[in-house]
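Trainee: heads up, no residue letters with this:
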């Protein structure tokens, strides 16, 4: 099987923008192909990502929608991924690889259990978790995300501890110890 870059060279589809007229009862009506460019279904009445492309060479936008899960999200996004302002409660099924920033602010996620292991294994940018008021557990997995440069989080103390360790030696145990020492035990779980 050819690699993803070779596949995209052959694929002529640049960008896909979904409009409400492309949806039936909040759902996509056909399988969309893997694309070189951007896939944008943001600001729409979409409720599921079923039939979205599996590979997106550019940006993937599903922000400000009614999706409740990232199930069927692409597993490879070449640049930016945004699922902000949605009622999702988990990042399960998030992409394995994001070539830029991952934005997930103003959602109802409660935990990052599995991050860096089951999803978001590599993010070549920053992760935005601002306004995720219910997120308080299993954040330590952030340290497992390859190439991650920085995180943004409402709790400045937690944010600073993670960013210090991400920019330093990336020692997960040192990060965990600092969180616990600072009374932030709930954030120190994998």
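Mentor: Nice, I can see it. This is a predicted model, so every value here is computed, not measured.
Trainee: can you point me to the longest helix in the protein?
Mentor: Looking across the chain with DSSP state H, the single longest helix is helix 156-167.
Trainee: Would you map the strands across this structure?
Mentor: Assigned by DSSP state E, the strands in the chain fall at 16-17, 23-24, 27-28, 39-40, 55-56, 60-61, 76-77, 81-82, 97-98, 102-103, 122-123, 126-129, 150-153.
Trainee: Just give the strands next to the fourth one in its sheet, each with its orientation.
Mentor: So that's strand 39-40. strand 16-17 (parallel), strand 60-61 (parallel) (DSSP bridges).
Trainee: so where do the helices sit in the chain?
Mentor: 4-10, 156-167, 172-181.
Trainee: Packing partners of the last one?
Mentor: Contacts defined by 3 or more C-beta pairs under 8 Å, 6 or more residues apart in numbering; DSSP states H and E place helix 172-181 against helix 156-167. Heads up, the C-betas are built off the backbone N, CA and C, glycines and all.
Trainee: Figure out which of the strands paired with strand 39-40 is closest to residue 170.
Mentor: Judged by C-beta to C-beta, the one of the strands paired with strand 39-40 that comes nearest to residue 170 is strand 60-61, at 26.5 Å.
Trainee: quick revisit: how about the strands of the chain in a markdown table, adding distance to residue 189?
Mentor: Output for these, formatted as a markdown table (distance: least, C-beta to C-beta, whole Å):
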| stretch | distance to residue 189 |
| --- | --- |
| strand 16-17 | 38 |
| strand 23-24 | 38 |
| strand 27-28 | 35 |
| strand 39-40 | 33 |
| strand 55-56 | 31 |
| strand 60-61 | 29 |
| strand 76-77 | 27 |
| strand 81-82 | 25 |
| strand 97-98 | 23 |
| strand 102-103 | 21 |
| strand 122-123 | 20 |
| strand 126-129 | 16 |
| strand 150-153 | 15 |
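Trainee: among those strands, which is nearest residue 115?
Mentor: Among these, strand 126-129 sits nearest to residue 115 (C-beta to C-beta), with 8.7 Å.
Trainee: now that closest one, how far from the centre of its chain.
Mentor: 8 Å (C-alpha atoms, centre = their mean, to the nearest Å).
Trainee: For it, enumerate the helices and strands it packs against.
Mentor: Helices and strands touching strand 126-129, by 3+ C-beta pairs under 8 Å, 6+ apart, are strand 102-103, strand 150-153.
Trainee: if you set the cut-off to 10 Å instead, what comes out?
Mentor: strand 102-103, strand 150-153, helix 156-167 (3 or more C-beta pairs under 10 Å, 6 or more residues apart in numbering; DSSP states H and E).
Trainee: Sounds good, over and out.
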